[in-house]
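S.K.: with the sequence up front, the predicted model follows.
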Amino acid sequence: MARGMICDVLVVGAGPAGSTAARTCAALGLRTVLLEEHPEIGHPVHCTGKLSAHAFRRFGLPASMAQNALRGAALHAPDGSVARVRRACVDSYLVDRAALDRYLAEQASSSGAEVLMGTRARTVVRTDGATAGGLRVEVDRGSTRLAITTALVIDAEGAVPVLPPQLGLTPRRAFVHGLQYDVEGAAIEQEDAPDLYFGWNVAPGFFGWFMPTGGTTGRLGVAVDPRWAAQSPIHYLEGLRTAHPASAPRLRNARIVRRFAGRIPVLGQRRPTYTDGMLVIGDAAGQVKATSGGGIYFAMQAGELAGRAAARYVGAVRCVGSPAGPQPDTWARRPTRVPGGRWRDTSASGAPRSAARRCSQPSSGRRSTAFVTGMSARSSARSPGTTACAAR
């Protein structure tokens with residue numbers, strides 16, 4: 001028989017979306033559990049790690065997360081011509097994605113969330129008369145089956161989620177397939193300007209890239225749309241490495257240090273990302289940039305908004321019984337920019353905190369004993385990119 005556990009909010013997936021959601025929920029006084037299926041947060045890596053300077057400022061990320069600052073780019077057309085663009089200030093950073101994930105999970109733990117690693121969610125069913133709410137999630141933690149009863153699940157499992165279809169959320173979308181090498185020993189022309197490669201023979205349906213990470217190191221990758229690609233992604237990546245007239249000469253003496261791959265959800269039919277007792281965020285909800293497939297900033301925004309919506313939802317469950325689901329007027333609204341480069345939430349400011357705390361006892365805020373060692377220490381370093389360009 002599965003062992004039992006009760007919480008207000010169960011967050012599944014400790015990437016940027018899930019950890020940000022868990023931190024927000026715990027900070028608003030909700031009993032929050034964050035699950036990560038892998039034994040170590042941040043691994044395996046599935047991301048290039050390019051993040052805008054605005055995102056660093058918006059979420060107060062420490063400068064230690066940035067491996068390299070980017071100000072420009074070179075765009076390589078199929079005919080061999082190159083367009084170069086450059087900004088006066090830093091536009092974005094390349095981050096150590098594993099370190100970023102660990103940092104965000106540590107923030108969630110420090111806010112009071114209980115973090116369970118090596119724990120895989122298997123099934124979710126609705127229950128009646130449950131103490132904390134209306135969902136029962138069964139998870140495997142090693143050889144132990146654990147049953148978690150919760151008022152709300154925030155699903156941040158990634159591109160191919162397991163739980164949402166079990167509650168009727170079945171998003172339809174296409175995927176582009178990405179493959180990337182970390183290399184060292186490359187001849188890099190400009191350390192602050194990545195190269196982007198376009199063309200049906202280079203990366204059909206998407207593009208290829210080389211992102212310099214400092215010195216002679218960088219990330220060489222392609223993403224291809226399988227609906228248009230005649231070959232596998234490795235065919236196009238090897239072509240970029242060994243045969244492309246612009247990239248191959250610079251990579252002749254480079255050594256491959258690491259390989260990794262991932263799928264990016266794009267161009268799907270728009271469908272709801274919530275139902276009674278569940279919100280879906282990040283890659284699981286297809287919340288990525290249509291132009292580049294990047295999703296870190298969108299994921300963190302979605303996590304923060306989901307955490308606020310969760311507080312309203314759980315407060316309503318406790319005060320008046322189970323409502324009709326996470327309300328779209330809270331969840332669907334996004335932050336909007338106001339003069340001066342600041343952001344404000346277009347949903348009711350302050351309502352989540354008051355709604356949750358009228359009906360619940362705040363968590364103790366203690367660091368979870370289930371949160372294993374290996375997290376990087378929190379940095380007090382100032383977020384990079386705070387320049388005259390910051391308000392742009």
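M.R.: Sure thing, it's come through.

S.K.: quick one: strands adjacent to the top strand by length along the chain?
M.R.: With secondary structure taken from DSSP state E, the chain has its longest strand at strand 255-269. Note on strand 255-269: by DSSP bridges, its sheet partners are strand 172-184 (antiparallel).

S.K.: and the partner strand, what's buried?
M.R.: Across strand 172-184, burial judged by 16 or more other CB atoms under 10 Å covers R173, A174, F175, V176, H177, G178, L179, Q180, Y181, D182, V183. Glycine gets a C-beta too; all of them are placed from N, C-alpha and C.

S.K.: do you know how far G293 is from R263?
M.R.: 10 Å (CB to CB, to the nearest Å).

S.K.: now do the shared contacts for those two.
M.R.: Common neighbours of G293 and R263, counting by CB atoms under 8 Å, 6 or more residues apart in numbering, are V176, G178.

S.K.: between those two, which one's more packed in?
M.R.: G293 (21 against 18; other CB atoms under 10 Å).

S.K.: tell me the pLDDT of that one.
M.R.: At G293, the model reports a pLDDT of 89.

S.K.: contacts for stretch 278-289?
M.R.: 13, 15-18, 21, 124, 135, 152-159, 161, 163-164, 167, 169, 171, 173, 264-266, 268, 273-274, 294-295, 298-299, 302-303, 306, 309-310, 326, 331.

S.K.: tell me where the chain has helices.
M.R.: Taking DSSP state H to define them, one finds helices in the chain at 16-27, 53-59, 97-110, 233-242, 296-320, 328-331, 351-359.

S.K.: now for L34: which residues touch it?
M.R.: Applying CB under 8 Å, 6+ apart, one finds that L34 lies in contact with V11, A14, G18, S19, A22, A105, A108, S109, A113, E114, V115, L116.

S.K.: correct me, but G29 touches A310?
M.R.: No: look at G29 against A310 with CB atoms under 8 Å: they stay out of range, at 10.9 Å.

S.K.: so for these two, which residue has more residues nearby?
M.R.: With neighbours defined as other CB under 10 Å, G29 and A310 compare such that A310 has more, 30 against 22.

S.K.: show me the contacts for the more buried one.
M.R.: D8, V9, A21, T24, C25, L28, L30, L152, I154, L279, P326, P352.

S.K.: okay, now the unreliable bits of the stretch 201-350 of the chain?
M.R.: Across the stretch 201-350 of the chain, the ranges flagged by pLDDT under 70 are 267-269, 317-350.

S.K.: rerun at 90
M.R.: For the stretch 201-350 of the chain, applying pLDDT under 90 flags the ranges 265-273, 286, 288-294, 315-350.

S.K.: name the residue most distant from the centre of this protein?
M.R.: D79 (35.0 Å; CA atoms, centre = their mean).

S.K.: rewinding a little: need the helices of the chain in JSON lines with distance to F206, can you?
M.R.: What follows is the helices of the chain, written out as JSON lines (distance: least, CB to CB, whole Å):
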{"stretch": "helix 16-27", "distance to F206": "22"}
{"stretch": "helix 53-59", "distance to F206": "22"}
{"stretch": "helix 97-110", "distance to F206": "19"}
{"stretch": "helix 233-242", "distance to F206": "10"}
{"stretch": "helix 296-320", "distance to F206": "18"}
{"stretch": "helix 328-331", "distance to F206": "30"}
{"stretch": "helix 351-359", "distance to F206": "38"}
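
S.K.: list the buried residues in the longest strand of the chain.
M.R.: For strand 255-269, burial by neighbour count (16+ other CB under 10 Å) applies to F260, A261, G262, R263, I264, P265, V266.

S.K.: so the fourth one makes contact with V176?
M.R.: What that stands for is R263. Yes: with contact defined as CB under 8 Å, R263 counts as touching V176 (7.3 Å).

S.K.: picking up where we left off before, quick one: the longest strand of the chain to chain centroid distance?
M.R.: Distance, stretch centre to chain centre, for strand 255-269: 13 Å (CA atoms, centre = their mean, to the nearest Å).

S.K.: now, which of the contacts of A310 sits nearest T48?
M.R.: A21 (22.7 Å; CB to CB).

S.K.: nearest spatial neighbour of that closest one, skipping sequence neighbours?
M.R.: Nearest non-adjacent residue to A21, counting by CB to CB, 6 or more residues apart in numbering: G303, 3.8 Å away.

S.K.: contacts for stretch 237-244?
M.R.: 179-181, 197, 201-203, 208, 220-222, 247-248, 251, 254.
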